[in-house]
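Asker: model this:
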Amino acid sequence: MKKGSFGHYLLMRVLLSIPMLLILLTLVFVLLHAAPGDPVTATLGSRLPPDQIAARKEALGLNDPIYIQYFRYIGHALEGDFGHPITDSRSVGQIIEDTAPATLELVIAAMIVAVLVGISVGALAARLRDTAFDLGGRFFGILIYATPLFWSALLAQLYLSADLHWLPSSGRIGGFYVPEHITGFYTIDSILTGNWPALWSTLSHLALPAITLGLLVGGVFVRLVRVNMLQTLRSDYIDAARARGISERSVVYRHAFKNALIPVITIMGLQFALLIGNATLSETVFSWPGMARALVLFIGARDYAAVQGIVTFIALAIVVLSLLIDVINALIDPRVRY
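Answerer: Residues are numbered from 1 along each chain as shown. So this is what the prediction gives:
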């Protein structure tokens, strides 16, 4: 396989993802096992007699040496088996299957908001450099990124829901409009089944958490797009395009804008992973029934087995996402492969 080719680059990225994945899984295992005691005693110690506690620990393999538990955990994680909670009859895999669509629907909607706001404001601020709009756009980007998510979410609930009654303050959909389950994504299921009241209810419930979560990341895109646009506009080929008499609008949006977006795509993947982490706060504030909220509930119940399984799944998803972003970058910009 020729060095510098796309196949060589893809192979190297896959090989490099393996140690990164093992490091992440090891960190998850070590951090959760560093907690004092054991998960069964911590979760059910006050509700079950000692003999039943001992039987549960034996069934979960908690009496085995730590290295055996570690290798069993790694093997099960690579097979897609994320364990069984202590406080829930479902497996962690089933819990993820039930809650992940809600989290992904929220994160994707938030990313759309972030991209639309961040790229449009950042590109226009670069074009109107040192004007009032540029200064306002830069201040806007810093402000929305620095504002704590829980604070902006509470303000949105207070003004847009409680005071103005424009949007629902919590939940994923109205109780009478749940569409037929096909994909688990209420927006998609509503469209596929032609259930337009369910679609409207889903979008209205999705608006507040998606906007508050998306604006947080939108602040990063505003500054990143502006900086890259300014650097691109100072390039030689941009000067050559202007010398040929091409209009400034075409120079900015047809020539500079596309090249300025290349580094943004890399950050977009990283920010998508950040959105999954920030979804914990957003889902908690808006009572959104997603995977992040389930994780918070299991942490509150001290169900470390469930916490370990969900965090492991998120770690695997981030590794796959990072690999996908690298591949997309290599397809868009061949210089990345060298």
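
Asker: quick one: the helices in the stretch 201-338 of the chain, in order.
Answerer: Assigned helices in the stretch 201-338 of the chain, in chain order: 236-243, 248-250, 257-260, 262-285, 291-300, 304-332 (criterion: DSSP state H, counting those that start in this stretch).

Asker: in this structure, where is pLDDT below threshold?
Answerer: Judged by pLDDT under 70, the chain has its weakly predicted residues at 1-4, 35-38, 42, 44-48, 333-338.

Asker: excluding its backbone neighbours, what's nearest the spatially most central residue of it?
Answerer: The C-alpha lying nearest the average C-alpha coordinate of the chain belongs to Ile276 (C-alpha atoms, centre = their mean; 2.7 Å). Take Ile276 and drop its neighbours on the chain: the residue closest to it by C-beta to C-beta, 6 or more residues apart in numbering is Val107, 5.8 Å away. Heads up, the C-betas are built off the backbone N, CA and C, glycines and all.

Asker: contacting residues around that neighbour?
Answerer: By C-beta atoms under 8 Å, 6 or more residues apart in numbering, the residues touching Val107 are Leu213, Phe272, Leu275, Ile276, Ala279.

Asker: the fourth one touches Thr103, doesn't it?
Answerer: Yes. Ile276 is in contact with Thr103 according to C-beta atoms under 8 Å; the separation is 7.0 Å.

Asker: which neighbours do these two share?
Answerer: Common neighbours of Ile276 and Thr103, using C-beta under 8 Å, 6+ apart, are Ala292.

Asker: what's the helix or strand for Gly175?
Answerer: Gly175 is part of no helix or strand, with elements assigned from DSSP states H and E.

Asker: that older thread, distance of the residue nearest to Ile276 relative to Phe185?
Answerer: Using C-beta to C-beta, to the nearest Å, Val107 is found at 12 Å from Phe185.

Asker: quick revisit: out of the helices of the stretch 201-338 of the chain, nearest to Asp130?
Answerer: Across the helices of the stretch 201-338 of the chain, Asp130 has its closest neighbour in helix 248-250 (15.6 Å, C-beta to C-beta).

Asker: before we move on, what SS does Thr183 have?
Answerer: Secondary structure, DSSP: H, G, I helix; E, B strand; the rest coil: Thr183 is coil.

Asker: for it, what are its contacts?
Answerer: The neighbourhood of Thr183, defined by C-beta under 8 Å, 6+ apart, consists of Pro101, Asp189, Leu192.

Asker: for the helix or strand harbouring the last one, list the C-alpha coordinates in PDB.
Answerer: If you go by DSSP H and E, Leu192 is part of helix 186-193. The C-alpha atoms that make up helix 186-193 are tabulated as PDB, following Å, rounded to 0.1, in the frame of the first residue of the first chain:
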ATOM      1  CA  TYR A 186     -39.400  11.000  17.200                       C
ATOM      2  CA  THR A 187     -38.900  13.500  14.400                       C
ATOM      3  CA  ILE A 188     -38.100  10.700  11.900                       C
ATOM      4  CA  ASP A 189     -40.800   8.400  13.200                       C
ATOM      5  CA  SER A 190     -43.400  11.200  13.000                       C
ATOM      6  CA  ILE A 191     -42.500  11.900   9.300                       C
ATOM      7  CA  LEU A 192     -42.400   8.200   8.300                       C
ATOM      8  CA  THR A 193     -45.800   7.600   9.800                       C
END
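
Asker: pull the residues that contact that helix.
Answerer: By C-beta under 8 Å, 6+ apart, the residues outside helix 186-193 that reach it are 105, 172-173, 178-183, 195-196, 198-199, 202-203, 206.

Asker: and of the residues you listed, the nearest to Pro263?
Answerer: Looking across those and measuring by C-beta to C-beta, the closest to Pro263 is Glu105, at 27.6 Å.

Asker: returning to that earlier point: wait, which of the contacts of Thr183 is closest to Pro148?
Answerer: Pro101 (27.2 Å).

Asker: gap between the residue lying closest to His181 once chain neighbours are set aside and Gly136?
Answerer: Spatial nearest neighbour of His181, excluding adjacent residues (C-beta to C-beta, 6+ apart): Asp189 at 6.6 Å. From Asp189 across to Gly136, the span is 40 Å (C-beta to C-beta).

Asker: these two: which is more packed in?
Answerer: Taking neighbours as other C-beta atoms under 10 Å, Asp189 and Gly136 compare with Asp189 leading, 20 against 13.

Asker: what comes up buried for stretch 114-122?
Answerer: Neighbour-count burial for stretch 114-122, counted by 16 or more other C-beta atoms under 10 Å, picks out Ala114, Val115, Val117, Gly118, Ile119, Val121, Gly122.

Asker: ugh, wrong one, stretch 325-333
Answerer: In stretch 325-333, counting by 16+ other C-beta under 10 Å, buried: Ile325, Asp326, Val327, Asn329, Ala330.

Asker: same check on stretch 83-100?
Answerer: Gly83, His84, Pro85, Ile86, Asp88, Ser91, Val92, Ile95, Ile96, Thr99, Ala100.

Asker: farthest pair in these?
Answerer: Pairwise distances across the buried residues of stretch 83-100 (C-beta to C-beta) peak at 20.8 Å, for the pair Ile86 and Ala100.

Asker: hang on, isn't Ala273 packed against Val320?
Answerer: No. With contacts counted by C-beta under 8 Å, Ala273 stays clear of Val320, the gap being 10.5 Å.
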